[in-house]
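*Asks:* generate a structure from the sequence data that follows.
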Amino acid sequence: MKVLLILILVLIVGAAIVWWLRTSQARTQQELADAAADARQVIERLGGQVYSLTGTDAASRQALADAAERHNAAGGAISSASTPAQARLAKQTALEGLYYVRAARAAMGIDPGPPIAELDGQRAAGVVTEKRSVDHDGHELTASPDPSTQTPNYYPGGRVAGRSVPAGWYSEPWWRPALIGGAWGVGSALLFGSLFSGMSGVDPSISAGDDFGNGLYDGDQGSGGDDSSGFDGGGFDGGGFDGGGF
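*Replies:* Take a look at the predicted model:
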């Protein structure tokens, strides 16, 4: 009798485990399906914008080129996504692309369109509120709240390799080496300090270099850093920017 009770108990526990695993798997698959559908909706919206617009100046053309690459990256990411987190990452990449489209439209003087969901880390990064030029490694680097022939490179704001980069227009995509390599150069703390120090709209901790005390500039973060988009920037030449010195 005791053996029979033990067998029954084992069967009950086994059945409970199987039920839990199947329920958990079904829930995960449903979450993946929902996240993928959400991401595809944003990717399709981005694609429609990218292929219906043509830039009229250097700033709008560069922003649309960046948007197109985000569209390609998001499409590739969602096609291989096997977890809800990966699907959400693809959506973040597509949202970033929509910000580039919005910037291109603004540069061309047309309606920027409806609001876009906030990117991860975007609010904390702040925005460039004044035009400022600094000398860095023997050449001039400029940040501005507005596009121009001098500042044709847009960034929507967010975290790159553990550092907050404010939204704005820049003379060079100086964040690009950290975006690709996952780490900032040794001179980056000085760059942040000189470029953003005392600028309204930018958190003082950004210019103070508070994030540079934990090895973020010496490669400890490894490949990929903290950039939420997962975008590797393949194929974008950054207007000849080679990343030297950053």
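*Asks:* so where's this structure uncertain?
*Replies:* For the chain, applying pLDDT under 70 flags the ranges 207-246.
*Asks:* so the chain: which segments form each domain?
*Replies:* The chain breaks down by automatic domain parsing into domains covering 29-107, 124-231.
*Asks:* wait, which of these is closest to Ala15?
*Replies:* Of all the domains of the chain, it is domain 29-107 that lies closest to Ala15, at 21.1 Å by CB to CB. (Glycine included, C-beta is placed from N, CA and C.)
*Asks:* measure how far that closest one is from the centre of its chain, please.
*Replies:* Chain-centre distance of domain 29-107: 11 Å, with CA atoms, centre = their mean, to the nearest Å.
*Asks:* mind saving the C-alpha coords of stretch 157-177 as CSV?
*Replies:* C-alpha atoms of stretch 157-177 as CSV (Å, rounded to 0.1, in the frame of the first residue of the first chain):
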residue,chain,number,x,y,z
GLY,A,157,20.1,60.2,-27.7
GLY,A,158,20.7,57.1,-25.6
ARG,A,159,23.4,55.0,-24.1
VAL,A,160,26.5,53.9,-26.0
ALA,A,161,28.9,51.5,-24.3
GLY,A,162,27.7,52.6,-20.9
ARG,A,163,27.7,56.3,-21.6
SER,A,164,24.8,58.7,-22.2
VAL,A,165,25.1,60.5,-25.5
PRO,A,166,22.7,63.5,-25.8
ALA,A,167,20.4,63.8,-28.8
GLY,A,168,21.5,66.4,-31.3
TRP,A,169,23.3,67.1,-34.5
TYR,A,170,27.1,66.7,-34.7
SER,A,171,29.9,67.4,-37.1
GLU,A,172,31.1,63.8,-36.8
PRO,A,173,29.6,60.6,-35.6
TRP,A,174,32.2,60.5,-32.8
TRP,A,175,30.2,57.9,-30.8
ARG,A,176,30.6,55.4,-33.6
PRO,A,177,33.8,53.6,-32.5
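*Asks:* any chance of the domains of the chain in CSV with distance to Arg22 as columns?
*Replies:* Below are the domains of the chain laid out as CSV (distance: least, CB to CB, whole Å):
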stretch, distance to Arg22
domain 29-107, 11
domain 124-231, 31
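*Asks:* next, format those as a markdown table and append mean neighbour count.
*Replies:* Formatted as a markdown table, those follow (neighbours: other CB atoms under 10 Å):
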| stretch | mean neighbour count |
| --- | --- |
| domain 29-107 | 20 |
| domain 124-231 | 19 |
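*Asks:* among these, which is nearest Gly14?
*Replies:* With respect to Gly14, and counting by CB to CB, the nearest of the domains of the chain is domain 29-107 at 22.6 Å.
*Asks:* can you give me the strands in the protein?
*Replies:* Under the criterion DSSP state E, the chain contains strands at 132-136, 139-144, 153-155, 158-160, 163-165, 168-170.
*Asks:* okay but Val165 is in contact with Gly126, surely?
*Replies:* No - applying CB atoms under 8 Å, one finds Val165 not in contact with Gly126, separated by 9.4 Å.
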